[in-house]
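Undergrad: sequence and computational prediction follow.
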Amino acid sequence: MKTLYIEDINDRIDEEVELFGWVYRQREHGGVLFVVLRDSTGIIQISIHKNNIDLNSFNNAQKVTIESSIRVKGKVVEDSRAPTGIEIKCSEFETINLAEEFPIQEGAGKEFLLDIRHLSLRSLKLTEIMKNKELIMRGARRYLQENNWHEVFPPIITSAACEGGTTLFSMDYYGKEAYLSQSAQLYLETAIFPLEKVYSLTPSFRAEKSRTRRHLSEYQHLELEAAWMDAKDIMKVEEELVASMCKEVSEYNGLEKFGRKKEDMILDLPLQRIKYDEALQIIQKKGIAIEWGSDLGYEEEKALTNEFEEPFFVYDYPIEAKVFYMKQNPDGKTYACADLLAPKGFGEIIGGSQREDDLQALETRMELDGVDKTPYQWYLDMRRYGSVIHSGFGLGIERLLMWICDLEHIRDACLYPRTMSRVEP
């Protein structure tokens with residue numbers, strides 16, 4: 001069993017170590033073989049001198065190919081010429097599996113790399129992205145556990161839409177029509193009655209025919225719902241949660257690989273809040289034609305967020321721009337809702353609101369929006385039996401990660417991205 005990783009050897013200078021991993025790079029210079037070893041924690045250079053090892057080991061090192069799996073033994077030494085300032089003077093070199101010629105060459109195109117994602121995942125950049133994705137969830141769970149939120153596990157096969165019927169993936173479910181979940185929200189609302197504060201992490205599916213850099217057909221959705229919280233209460237939860245997620249990343253040394261500083265991830269709470277009306281004015285001043293009542297699309301959010309350095313809230317959207325389950329404000333024109341937007345063109349990462357808790361008001365809104373109440377009777381029951389003020393939100397994990405790692409496209413934030421044009425591998 002492997003017991004030592006590359007990240008462990010900084011404190012092992014002048015000691016003999018044994019490492020397992022894969023060949024990241026190889027070259028020969030002045031009669032010395034150099035192999036860069038990769039494992040899940042980083043890379044290190046191995047120098048192989050013919051006079052210092054047995055002939056079989058030297059022959060193995062000469063023949064080894066990119067991405068071959070290997071075992072090496074040697075002494076850890078400091079060397080400023082090595083990629084990481086440390087190298088291993090090899091005493092044993094064993095090839096575990098000699099790889100065929102690796103199909104990925106320098107300058108490979110993005111579509112080709114996506115076609116062979118099962119191999120391109122080995123890149124150092126994608127490795128760091130996956131680690132950061134793990135870290136933001138670690139930060140989320142820490143916050144949620146410390147604040148007594150209960151994790152629940154809702155279904156992803158549903159009988160009704162949550163975010164409108166135009167973006168549903170339908171399926172045959174034993175002769176009945178069913179759908180892949182757009183959101184766990186409706187199910188989470190039912191769980192607040194026994195547990196009060198609940199969350200889930202599930203895949204959500206949106207059949208949006210969008211080709212922007214921030215849209216996926218399948219994404220990881222962190223959703224929270226809570227009893228006894230209004231719109232302002234849930235916004236406080238949102239910013240604290242995101243701050244915890246960012247703080248977890250700030251404590252990891254890999255952030256600089258994306259041109260980000262650790263201090264960039266320390267959010268100054270409370271985050272700035274602007275009304276929809278003010279957001280509209282900023283967008284219109286940039287020459288973008290948008291009328292009051294419209295939701296903010298990709299271009300509008302891009303223009304707006306370029307004016308900010310930190311995530312910020314836009315709240316009190318018009319009723320026409322959002323969905324039926326939100327609580328109507330006393331003005332009769334807006335909902336008690338808010339989106340959390342990431343700065344510098346990245347856009348929405350959270351959508352949340354206070355939920356409508358009055359049965360008659362909810363049914364009226366559904367009728368006005370043309371929503372068939374039949375498949376929602378179980379949802380309406382929540383307003384018939386002990387209804388309370390409650391609020392919730394959904395956070396797109398890949399959207400947040402895209403901003404944290406300053407990624408060009410959201411597909412880089414996924415293990416295997418699913419878009420309009422891609423369902424393989």
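TA: Yep, that arrived.
Undergrad: part of a strand, is Ile283?
TA: No - assigned with DSSP: H, G, I helix; E, B strand; the rest coil, Ile283 falls outside any strand and is helix.
Undergrad: what sits against it?
TA: The contact partners of Ile283, taken as C-beta atoms under 8 Å, 6 or more residues apart in numbering, are 290, 296, 300, 303-304. Just so you know, the C-beta spots here come from the backbone N, C-alpha and C atoms, and that holds for glycine as well.
Undergrad: let's see that with 7 Å instead.
TA: Applying C-beta atoms under 7 Å, 6 or more residues apart in numbering to Ile283 gives the contacts 290, 300, 303-304.
Undergrad: next one: Ile410
TA: Contacts of Ile410 by C-beta under 7 Å, 6+ apart are 213-216, 398-399, 402.
Undergrad: next one: phi and psi at it?
TA: Ile410 adopts backbone torsions of phi -70, psi -20, taken as degrees, to the nearest 10.
Undergrad: for it, give its distance to Glu223.
TA: Noted for Ile410: a distance of 19 Å to Glu223, by C-beta to C-beta, to the nearest Å.
Undergrad: for Tyr315, same thing?
TA: 19 Å.
Undergrad: ditto for Glu87
TA: 47 Å.
Undergrad: where along the stretch 151-300 of the chain do the helices fall?
TA: Along the stretch 151-300 of the chain, counting by DSSP state H, counting those that start in this stretch, helices occupy 185-195, 231-250, 276-285, 298-305.
Undergrad: format the ones you listed as CSV; extra columns: mean pLDDT.
TA: Below are those laid out as CSV (pLDDT from 0 to 100):
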stretch, mean pLDDT
helix 185-195, 97
helix 231-250, 97
helix 276-285, 97
helix 298-305, 95
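Undergrad: pretty sure Ser75 is touching Leu19, no?
TA: Not quite, residue 75 is Lys, not Ser. No - the pair Lys75 and Leu19 fails to qualify as a contact (C-beta atoms under 7 Å) at a distance of 12.0 Å.
Undergrad: out of the two, which sits in the busier spot?
TA: Leu19 (21 against 16; other C-beta atoms under 10 Å).
Undergrad: now that one: how far from Gly42?
TA: Following C-beta to C-beta, the distance that separates Leu19 from Gly42 is 11 Å.
Undergrad: one more: Ile104?
TA: 20 Å.
Undergrad: in the stretch 1-150 of the chain, which spans are helices?
TA: Counting by DSSP H, counting those that start in this stretch, the helices of the stretch 1-150 of the chain are 55-63, 110-115, 117-120, 124-146.
Undergrad: spatially nearest residue to Val314 (excluding sequence neighbours)?
TA: Residue nearest to Val314 in three dimensions, not counting chain neighbours: Ala279, with 4.8 Å by C-beta to C-beta, 6 or more residues apart in numbering.
Undergrad: start and end of stretch 156-167, how far apart?
TA: Criterion C-alpha to C-alpha, to the nearest Å; first-to-last residue distance in stretch 156-167 is 15 Å.
Undergrad: same question for stretch 373-393.
TA: End-to-end distance (C-alpha to C-alpha), stretch 373-393: 23 Å.
Undergrad: and if you look at stretch 303-323?
TA: For stretch 303-323, by C-alpha to C-alpha, the gap between its terminal residues amounts to 24 Å.
Undergrad: in it, what counts as buried?
TA: 303-305, 308, 311-319, 322-323 (16 or more other C-beta atoms under 10 Å).
Undergrad: Ala178: which of the residues you listed is nearest?
TA: Of all the buried residues of stretch 303-323, Val323 has the smallest distance to Ala178: 20.1 Å, by C-beta to C-beta.
Undergrad: Val77 pairs with what?
TA: Glu87 (DSSP bridges).
Undergrad: next, count neighbours for it.
TA: Neighbours of Val77 (other C-beta under 10 Å): 14.
Undergrad: so what's it up against?
TA: 13-14, 87, 89.
Undergrad: go again with 10 Å.
TA: Residues counted as contacts of Val77 (C-beta atoms under 10 Å, 6 or more residues apart in numbering) are 13-15, 47, 86-89.
Undergrad: can you say which of the residues you listed are buried?
TA: For the contacts of Val77, a neighbour count by 16+ other C-beta under 10 Å gives the buried set as 47, 86-89.
Undergrad: can you report phi and psi for Arg383?
TA: Per degrees, to the nearest 10, the backbone of Arg383 is at phi -90, psi -10.
Undergrad: need the residues touching each of Lys75 and Leu19.
TA: Ile88.
Undergrad: which neighbours do Leu19 and Gly42 share?
TA: In contact with both Leu19 and Gly42: 5-6, 9, using C-beta under 10 Å, 6+ apart.
Undergrad: could these go into TSV alongside pLDDT, distance to Gly345 and neighbour count?
TA: Shown next, in TSV, are the shared contacts of Leu19 and Gly42 (pLDDT from 0 to 100; distance: C-beta to C-beta, whole Å; neighbours: other C-beta atoms under 10 Å):
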residue	pLDDT	distance to Gly345	neighbour count
Tyr5	97	37	14
Ile6	97	35	20
Ile9	95	40	19
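Undergrad: what is the longest strand of this protein by residue count?
TA: strand 16-29 (DSSP state E).
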